[in-house]
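[1] need coordinates for the following:
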Amino acid sequence: MPPNRSVLRGVQQRIHRWLMAARAHPRYRIFAPTLDALDTFLARPGQVTSAAPHIRSHWDLKRYMIIVVLALIPCALTGIYLYGWRVAAVIAVSYAFGLGTEAAFAGIKNESMTEGAFVTCMLFPLTLPPTIPLWTVAVGIVFAIVFVKEIFGGTGRNLFNPALGGRCFIYLVFPQHLHGQVWPMPYTGGWGGFGHWMWNGAHRGFDALTAATAASAWKVAEVPVAEFTIRDMVLGVIPGSIGESPKILIVCAAILLIGVKVADWRLVVSPIIGALAMSALLHHTTGGWAPAPHLALVSGSLLFGATFMTTDPVSAPAMAPSKWIYGLAIGMTAILIRVYSTTFPQGLMFAILLVNPFSPLLDYLFRTLRFRRHRA
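    This next block holds a predicted model:
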C-alpha cells in the first residue's frame with residue numbers, strides 16, 4: 001500500500017476507534033456526531049443492508065455533497081486570486097462557526113452531523129462581498145444553521161435555502177456590509193490576490209472601491225455598464241460576490257454536477273431560460289432601458305445561483321414539471337426585482353427565497369394530477 005494511503009487509513013482507523021469509545025461512554029457521547037462525520041468523510045460508511053434490495057455502489061449522500069464542495073473549490077480559489085487571501089479567512093470562519101453550530105445541535109439531539117452543512121458553509125461565504133467583516137460571517141452562518149435549518153427540524157426539512165437565508169439576514173440587519181461601498185475592483189494580472197492579504201487599492205491609481213456591481217450598474221451612475229466588457233464579465237474581473245465572478249468555471253461546475261447526476265439539469269436550465277425570456281421582454285418593451293438578455297446572463301449571480309442554489313435537493317421540488325415551473329419562476333422574478341427594484345440590485349437571492357415555499361405545493365399539485373389521470 002502506498003505510504004500516503006497507509007497514513008490516511010491509519011488516521012481513519014484512529015478516528016473510528018475514538019467514535020466507538022465516544023458512543024460507549026456517556027460523558028463523551030456528545031462528541032460522537034462530530035467524530036462520525038469525520039469518519040464517514042474520510043471513508044465510505046461500513047454499514048450494509050440486511051435485506052434486499054442490495055445496491056453495490058461507493059456513492060452515498062456524503063459523497064454527493066463532497067462533489068458539490070469540490071465543484072465550489074475553483075470558485076473559491078478564483079475569489080482568492082481576485083481579492084486576496086482574506087477570502088480564505090472568510091471561508092474558514094464560515095466553516096468554523098457553521099460546523100461548530102451543526103456539531104452542537106447534533107450532539108444535543110444525539111444524531112449524526114448532516115453532510116449538507118459542509119456545502120452550506122462553503123456556499124454562504126461565496127455569496128458575500130470580499131470586504132465583509134469576519135464577525136458578520138460568523139453571525140450569518142450561525143443564523144443560517146439555527147434559524148433556517150435546525151428550527152424546521154434539520155437537514156431535509158428546511159423550507160428555505162440555508163445559505164441564502166443567512167445572506168438575506170445579513171442583508172436586512174447589517175445592510176452596510178452588503179450594500180454600498182463594499183465592492184472592490186479585483187486584482188488582475190500576475191499572481192493577483194495570491195500575493196496579497198486583502199485588497200487595498202494602491203495598485204490601481206484610483207479609488208477602486210465602488211458602490212456598484214455590474215448587475216447594479218444599469219440603475220446607478222457610479223459605474224456605468226459601459227465600463228465593463230463582456231469579456232470582463234465572462235472572465236470575472238468585475239466587482240461582485242466572492243464566488244460569482246468566474247463564469248467559465250461555474251459553467252464547468254454545472255456540467256460536472258449534471259454529468260454525475262448530483263444536480264438535475266432542469267433546475268439549472270429553467271432559471272436561465274426564465275431570466276433570458278424576461279430580460280428579452282423587458283428590454284424590448286422598455287426601449288432598451290432594461291438589460292439585454294446576454295448582459296443579464298453574465299453580469300450578476302444568475303449562473304452561480306442556477307448551478308448551486310436552485311439545485312438544492314431539499315428546498316427544490318422533486319417532480320419534473322414542478323422543476324420547470326420552479327426554475328422559470330425564479331429566473332423571471334430575479335429579473336423583475338433587478339430591473340424595477342430601487343433597493344435590491346441583485347434579485348436572485350430574493351427570487352429563490354420567494355419561490356422556495358411553493359416547492360411542496362407544486363409537487364402536491366402535479367402529483368395529484370398524475371394520480372387522477374391514472375385513475376381515469
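[2] residue 148 and residue 166 touch, don't they?
    Yes - counting by CB atoms under 8 Å, residue 148 touches residue 166, with 6.5 Å between them. (C-beta placed from N, C-alpha, C; glycine too.)
[3] okay, the two: which has more neighbours?
    Comparing residue 148 with residue 166 by neighbour count (other CB atoms under 10 Å), the higher total belongs to residue 166, at 31 against 23.
[4] mind checking how far that one is from residue 272?
    Residue 166 sits 24 Å away from residue 272, going by CB to CB, to the nearest Å.
[5] repeat for residue 369
    For residue 369, the distance to residue 272 under the criterion CB to CB works out to 26 Å.
[6] repeat for residue 363
    When CB to CB is applied, the distance between residue 363 and residue 272 equals 22 Å.
[7] same question, residue 256
    Here the criterion is CB to CB. By it, residue 256 lies 17 Å from residue 272.
[8] how many neighbours does residue 367 have?
    With neighbours defined by other CB under 10 Å, the count for residue 367 comes to 14.
[9] where's it, which helix or strand?
    Using DSSP states H and E, residue 367 falls within helix 359-375.
[10] CA atoms only: put that helix into CSV for me.
    The C-alpha coordinates for helix 359-375 follow below in CSV (Å, rounded to 0.1, in the frame of the first residue of the first chain):
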residue,chain,number,x,y,z
SER,A,359,-41.9,23.9,-4.0
PRO,A,360,-44.1,21.5,-1.9
LEU,A,361,-47.2,22.9,-3.3
LEU,A,362,-46.0,22.4,-6.9
ASP,A,363,-45.2,18.8,-6.2
TYR,A,364,-48.5,18.2,-4.5
LEU,A,365,-50.4,19.7,-7.5
PHE,A,366,-48.6,17.7,-10.1
ARG,A,367,-48.7,14.5,-8.0
THR,A,368,-52.5,14.9,-7.6
LEU,A,369,-52.9,15.5,-11.3
ARG,A,370,-50.9,12.3,-12.1
PHE,A,371,-52.9,10.2,-9.7
ARG,A,372,-56.2,11.5,-11.2
ARG,A,373,-55.0,10.7,-14.7
HIS,A,374,-54.1,7.2,-13.7
ARG,A,375,-57.5,6.6,-12.0
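[11] any idea of the pLDDT on the residue nearest the centre of the chain?
    A centroid search over the chain (CA atoms, centre = their mean) returns residue 123, at 3.3 Å, as the residue closest to the centre. Listed pLDDT for residue 123 reads 95.
[12] and what of residue 81?
    The per-residue pLDDT reported for residue 81 equals 90.
[13] next one: the one 3 residues further on
    For residue 84, the model assigns a pLDDT of 88.
[14] pull the contacting residues for it.
    For residue 84, the residues meeting the contact criterion (CB atoms under 8 Å, 6 or more residues apart in numbering) are 130, 187, 193, 196, 197, 198, 199.
[15] how far away is the second one from residue 283?
    When CB to CB is the yardstick, residue 187 and residue 283 sit 33 Å from each other.
[16] name the residue in those two with the higher neighbour count.
    residue 187 (22 against 19).
[17] which SS state does the more buried one fall under?
    coil (DSSP: H, G, I helix; E, B strand; the rest coil).
[18] what number of residues lie near the spatially closest residue to residue 258 that is not a sequence neighbour?
    With CB to CB, 6 or more residues apart in numbering as the measure, residue 265 is the residue that lies nearest to residue 258, at 4.8 Å, once sequence neighbours are left out. The burial count assigned to residue 265 is 15, neighbours taken as other CB under 10 Å.
[19] hang on, residue 265 packs against residue 259?
    No - look at residue 265 against residue 259 with CB under 8 Å: they stay out of range, at 9.5 Å.
[20] quick check: neighbours shared by the two?
    With CB under 8 Å, 6+ apart, residue 265 and residue 259 have no common neighbours.
[21] how about the contacts made by residue 150?
    residue 105.
[22] rerun that using 10 Å as the cut-off
    101, 102, 104, 105, 106, 108, 109, 114, 144, 157, 158, 162 (CB atoms under 10 Å, 6 or more residues apart in numbering).
[23] so which bits of the strand or helix carrying the fourth one are buried?
    By that I understand residue 105. Element membership for residue 105 (DSSP H and E) is helix 86-109. Of the residues in helix 86-109, those scored as buried under the neighbour-count criterion (16 or more other CB atoms under 10 Å) are 86-88, 90-91, 93-95, 97-99, 101-107.
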